[in-house]
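A.B. asks: my questions concern the predicted model and sequence given below.
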Amino acid sequence: MSDVRLNTLPNPLIDDRIRGFPPGRPPLPIDAIGTQNWKPYDGQMGLPLMSLNQTAFAGNIEAMMGLVKEHGVEIAPHAKTPMAPALAAALLSAGAWGTTVADIRQASVFLKAGQRKLILANEIGGVAAARRLAALLSGFPDAELHIFVDSRDAVDALRQAWGERADLPALGLLIEFGAGRAGARSLQAGLDILNFLLASETPTLRLTGIAAYEGAAATPDPQETAERIRSLLHITSEFLIALRARLGDARPLILTAGGSVFFDMVISGLRAAVAADSHCRLVLRSGAIFFHDHGIYQRGLADLDARGGYVPEGVVQSASAAFVPALRIWAEVLSRPEAGLAICGMGMRDVANDQGLPKPLALYRNGQHHADLAGCAVLRLNDQHAFIQLREQSDVAVGDVIEFGISHPCTCIDRHAIVYGLGPDHRVTNAYLTHFG
């Protein structure tokens, strides 16, 4: 996929109240930003800003879509990472089965952007929340939405809300199994929910499958993590067998799990049970993998390689080589107060720090690439400042622009109203509007 310039939203006017937009310029429709020949490193654009390398993004789409096709599974990428309908639309165009969201507001964003097949990968709460979801879906009679439930209370709340009105589309319920977060903790707990759910079914409120989230099972110990994930996937597989025996052969089902860094374990752990059920499909929800990073996901893919898990076209390959970090933060050097220290105009308000600090990659001066920054490191962040440890005799100067890699896209993009799409020469060719509320 070479072009991801898709925008399914209205074309709002953008001005210099938004990061990146050059100060003093007249407002522009967002769709016109990619024709302005802007560059994040030549002093025109307001810094800091976030960019998306479109070539890397397209390559990551090709790698992941090729993998799921090879293994005969589907994917509904989790949209909570970018909250950008245009980017989610690019994934649908590349073959995604649907889109995953985390809550009712996120569902609203993507329904109003024209998307109709969603997984709401979470429990939403009680009757009040169920009524809020019903109020939203009443405006989208053609929506196909599947939602997690892990208790009788969750099922009953939805049953009440759906029983109060006749203007709602059918809602699919996915019984969730979990470890470390929500979800039934045992096969018997899942069967108890199943019995209650089947007794509560109506034409518009039906069981459509099973869900799990293995990422919350992770611990600092890789071996313990693997055991916890295998146990979760085993219970999930056993439940599918029990569920099919209870329902008979006719009803279509989905079995969905996460998998941005554990997709190899999800596929291997659930493939046999799904293959034995001709009316069940396995749907991954990996989302951050399409953006990747220089931190937590880079480490996660290194662990995946150590497990020998990336196997496209039947050949073991390096996931670390197949996926490329696509996101960057660009910031200007504000001060050189001490030898070996630079202070940049970027801080906790601009970049994630919950899973590691950003990584200095390259230095630009007077609109040109000046040097790579291997061996330099971010020491700490304040609200608006990054403290950069420099190599000995570094010539970093006030006014230089530094390109940073990030760690954890999910808690980084949410600081930015626009992500600027860059072409191969790092010129802005598109602008993606985000919707984090």
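C.D. replies: Sure, I can see it.
A.B. asks: from the chain's centroid, how far away is the one helix or strand I267 maps to?
C.D. replies: In the assignment (DSSP states H and E), I267 maps to helix 263-275. Taking C-alpha atoms, centre = their mean, to the nearest Å, one finds the center of helix 263-275 at 21 Å from the center of the full chain.
A.B. asks: check which residues of it are buried.
C.D. replies: If you call a residue buried by 16 or more other C-beta atoms under 10 Å, then helix 263-275 has these buried ones: F263, D264, M265, V266, I267, G269, L270, R271, A273, V274. Every C-beta, even on glycine, is put in place using the N, C-alpha and C of the backbone.
A.B. asks: show me what contacts the closest residue to the third one other than its chain neighbours?
C.D. replies: Among residues not flanking M265 along the chain, I229 sits closest, at 5.3 Å (C-beta to C-beta, 6 or more residues apart in numbering). With contact set as C-beta atoms under 8 Å, 6 or more residues apart in numbering, I229 has these partners: A179, E214, A217, A218, F262, M265, G269.
A.B. asks: ok, the fifth one - how many residues close by?
C.D. replies: By other C-beta atoms under 10 Å, the residues close to F262 number 25.
A.B. asks: quick one: low-confidence parts of the stretch 1-150 of the chain?
C.D. replies: Residue ranges of the stretch 1-150 of the chain with pLDDT under 70: 1-9.
A.B. asks: hey, where'd the helices end up in it?
C.D. replies: Assigned by DSSP state H, counting those that start in this stretch, the stretch 1-150 of the chain shows helices spanning 54-71, 85-93, 104-112, 127-137.
A.B. asks: check those for me and report the most buried one.
C.D. replies: helix 85-93 (a mean of 23; mean count of other C-beta atoms under 10 Å).
A.B. asks: just checking the distance from that one to the centre of its chain.
C.D. replies: 12 Å.
A.B. asks: what angle do it and helix 104-112 make?
C.D. replies: 70 degrees (axes from the mean of the first three to the mean of the last three C-alpha atoms, to 10 degrees).
A.B. asks: helices or strands up against helix 85-93?
C.D. replies: helix 54-71, strand 99-101, helix 104-112, strand 428-433 (3 or more C-beta pairs under 8 Å, 6 or more residues apart in numbering; DSSP states H and E).
A.B. asks: list just the one of the ones you listed that sits closest to T202.
C.D. replies: Checking these against T202 by C-beta to C-beta gives helix 104-112 as the closest, at 20.8 Å.
A.B. asks: any idea how far that closest one is from the chain center?
C.D. replies: Relative to its chain's centre, helix 104-112 lies at 15 Å (C-alpha atoms, centre = their mean).
A.B. asks: stretch 230-240 now?
C.D. replies: Relative to its chain's centre, stretch 230-240 lies at 24 Å (C-alpha atoms, centre = their mean).
A.B. asks: before we move on, what about stretch 32-49?
C.D. replies: 25 Å.
A.B. asks: contacting residues around it?
C.D. replies: 5, 14, 16, 19-23, 28, 51, 328-332, 344-346, 350-351, 364, 366-367, 369, 399, 401, 403, 416, 418, 420-422, 426-431.
A.B. asks: go again using 7 Å as the cut-off
C.D. replies: 14, 16, 19-23, 51, 329-332, 345-346, 350, 364, 367, 401, 420-421, 426-431 (C-beta atoms under 7 Å, 6 or more residues apart in numbering).
A.B. asks: residues touching the closest residue to A161 other than its chain neighbours, list them.
C.D. replies: Nearest-residue entry for A161: A130, 3.6 Å, with adjacent residues in sequence omitted and distances by C-beta to C-beta, 6+ apart. A130 makes contact with I124, A157, L158, Q160, A161 under the criterion C-beta under 7 Å, 6+ apart.
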